[in-house]
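J.: Sharing a model that was predicted from the sequence below.
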Amino acid sequence: MSGDAKNRAKRTELAAAKSRVDLSEVQPGLSRAQALAGLRSAGEATRLRILALLAAGELNVKDLTQILGQSQPRISRHLKLMAEAGLIRRFREGSWVFFRLADSGAEATLAHAIVASLDPTDLTLARDRARASAVQKARAEAAQAYFDAHASEWDRIRALHVTEREVEAAIDAALGHGRFTLLVDLGTGTGRILELFAPRANRALGFDLNRAMLAYARMKLERAGLFQAQVRHGDLHNVPLPDGAADAVVLHQVLHFLDDPAAAVAEAARLLAPGGRLLVVDFAPHELEFLREQSAHRRLGFARDQLGRLFENAGLKLERFRELKPAPSDGKLTVSLWLGLKPALAAKKRKAGTKVEAAA
Ligand SMILES: C[S@@+](CC[C@H](N)C(=O)[O-])C[C@H]1O[C@@H](n2cnc3c(N)ncnc32)[C@H](O)[C@@H]1O
């Protein structure tokens, strides 16, 4: 099994485990009619495979036709039936429609239980996971080719969106004025966030998959004498740092390139120490479809609650949200900021039944 396929298998298992722990505790049961509708909608070979695939991440219809080798009308029909029964959720972004396993409501318990009951070593499911990884890898390579071509002019491209000075002032205000022990910038690109925050960090680390971006960032940081800031080649889904290592993590203009933003937010949350903060900066929902073709964007922005939910699932409290709207005349994009707090340990104890006030 390739590394990607293993990661996918791990995510499927985690999703199943999560359902066993959380969902069954908090959801009221399904009515018999709901249970029957859900079971009927899942009771078909391809649909079971789709449920297993969606447990590991969001996919669109085109992805699923490639992975399963079936026609679009057939896949669409399977998806429609399962969405109607509440086992999966559908959401539109521009001309693309994505699907994911239900993550709230009583039907989510059933959807996760069905996936959890499947044998993870089943050959067909393993092949599906491998194909899903291949589809995602091809897309990631296309995105990386774009970054290769644009590394040196990236700073200029960033300025095409809402004024960079305004965004950076908002980032500064959101992260507060204290010092950082370790600030981690995921998808650091040309290292602008490191450049901004290294002066008040004991250590600042940036991770990126793109070597051209990293070479440029390294050069810039060295020239500025910011030796406490370093960049590393690495995948933001699997950062080589221990749990709780950082007191601040930043994802600046990165999530819209990713297949699975939830996995990135979960990894960022893992890196945070209790009391640490995650800052996500990204576009608000928009309709600039050409950014998919020309700039390798995977998502056309994010709504406040869309990321709010990802934060919550990753154990973070959405502490602050801010929108930076451009002047109506300048045709630029709105940039949003989400600040999440990893609750102090006392909060966890309270959840487990101990009467200790949450420190956050
Ligand atoms: C739009 S650039 C933003 C760079 C920087 N955060 C900024 O705002 O200037 C997105 C960056 O994310 C990086 N990236 C995309 N997927 C990644 C992954 N899985 N792991 C690490 N970096 C990734 C790209 O290589 C690219 O440098």
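T.: It's in.
J.: So which bits of the stretch 1-150 of the chain are right by the ligand?
T.: Contact residues, the stretch 1-150 of the chain versus the ligand (Cβ under 6 Å from any ligand atom): Phe147. For every residue, glycine as well, the C-beta is placed using N, CA and C.
J.: Could you list the low-pLDDT ranges of the stretch 201-350 of the chain?
T.: Residues of the stretch 201-350 of the chain meeting the criterion pLDDT under 70: 328-331, 346-350.
J.: Can you tell me what sits against stretch 80-95?
T.: 34, 37-38, 40-42, 47, 50-51, 54, 79, 97-103, 105-108, 110-111, 114, 285, 287, 289, 292, 299-300 (Cβ atoms under 8 Å, 6 or more residues apart in numbering).
J.: Go through it and flag the buried ones.
T.: The neighbour-count check on stretch 80-95 (16 or more other Cβ atoms under 10 Å) flags 81-83, 85-89, 93-94 as buried.
J.: burial of His206, as a residue count?
T.: Just so we're on the same page, residue 206 is Gly rather than His. 29 (other Cβ atoms under 10 Å).
J.: how close does it sit to Leu110?
T.: Distance of Gly206 to Leu110, given as Cβ to Cβ, to the nearest Å: 42 Å.
J.: Same question for Leu214.
T.: Going from Leu214 to Leu110 by Cβ to Cβ gives 45 Å.
J.: ok, those two, which is more surrounded?
T.: More crowded of Leu214 and Leu110, by other Cβ under 10 Å: Leu110, with 26 against 22.
J.: With adjacent residues omitted, what lies nearest to the more buried one?
T.: Computed as Cβ to Cβ, 6 or more residues apart in numbering, the closest residue to Leu110 that is not its neighbour in sequence is Gly38, at 4.6 Å.
J.: wait, that neighbour sits on Ala113?
T.: No. In this structure, Gly38 is not within contact of Ala113 by Cβ atoms under 8 Å, at 9.8 Å.
J.: Please identify the helix or strand for Arg232.
T.: Taking DSSP states H and E as the definition, Arg232 sits inside strand 229-233.
J.: hey, C-alpha coordinates of the helix or strand just after that strand in CSV?
T.: On the C-terminal side of strand 229-233, the nearest following helix or strand under DSSP H and E is strand 246-252. Extracted C-alpha coordinates of strand 246-252, given in CSV (Å, rounded to 0.1, in the frame of the first residue of the first chain):
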residue,chain,number,x,y,z
ALA,A,246,3.5,25.0,19.0
ASP,A,247,1.7,27.9,20.6
ALA,A,248,0.6,29.3,17.3
VAL,A,249,-0.1,27.7,13.9
VAL,A,250,-1.0,29.7,10.7
LEU,A,251,-2.6,28.5,7.5
HIS,A,252,-2.5,31.6,5.3
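J.: Is there a neighbour count for the closest residue to the ligand within the stretch 101-250 of the chain? I'd like the number.
T.: Taking Cβ to the nearest ligand atom as the measure, the stretch 101-250 of the chain has Gly189 as its residue closest to the ligand, at 2.4 Å. Using other Cβ under 10 Å, Gly189 has 26 other residues around it.
J.: ok, now Leu288?
T.: By the measure other Cβ under 10 Å, the count of residues near Leu288 is 15.
J.: Quick check: which element contains it?
T.: Secondary structure (DSSP H and E) places Leu288 outside all helices and strands.
J.: I figured it was touching Leu300, is that so?
T.: Yes. With contacts counted by Cβ under 8 Å, Leu288 reaches Leu300, the gap being 6.8 Å.
J.: Buried ones among the contacts of stretch 80-95?
T.: By 16+ other Cβ under 10 Å, the contacts of stretch 80-95 give 34, 37-38, 41-42, 47, 50-51, 54, 79, 98-103, 105-108, 110-111, 114, 285, 292, 299-300 as buried.
J.: which ones among these are found in helices?
T.: Using DSSP state H, the members of the buried ones among the contacts of stretch 80-95 that fall in helices are 34, 37-38, 41-42, 47, 50-51, 54, 79, 106-108, 110-111, 114, 292.
J.: helix, strand or coil for Phe302?
T.: Three-state call for Phe302 (DSSP: H, G, I helix; E, B strand; the rest coil): coil.
J.: ok, now which ones touch it?
T.: Applying Cβ under 8 Å, 6+ apart, we find Phe302 in contact with 255-256, 261, 282-285, 336.
J.: By neighbour count, which of these wins?
T.: In terms of neighbours by other Cβ under 10 Å, the contacts of Phe302 top out with Leu255 at 27 neighbours.
J.: Hmm, that residue is touching Glu267, no?
T.: No. The pair Leu255 / Glu267 is not scored as a contact, 11.8 Å apart, by Cβ under 8 Å.
J.: my guess is Ala314 meets Val265, correct?
T.: Yes. If you go by Cβ under 8 Å, Ala314 and Val265 touch, sitting 4.9 Å apart.
J.: close to the ligand, is stretch 268-279?
T.: No. Contact between stretch 268-279 and the ligand is absent, the nearest approach being 11.2 Å (criterion: Cβ under 6 Å from any ligand atom).
J.: Just the buried residues of that stretch, please?
T.: The neighbour-count check on stretch 268-279 (16+ other Cβ under 10 Å) flags 268-274, 276-279 as buried.
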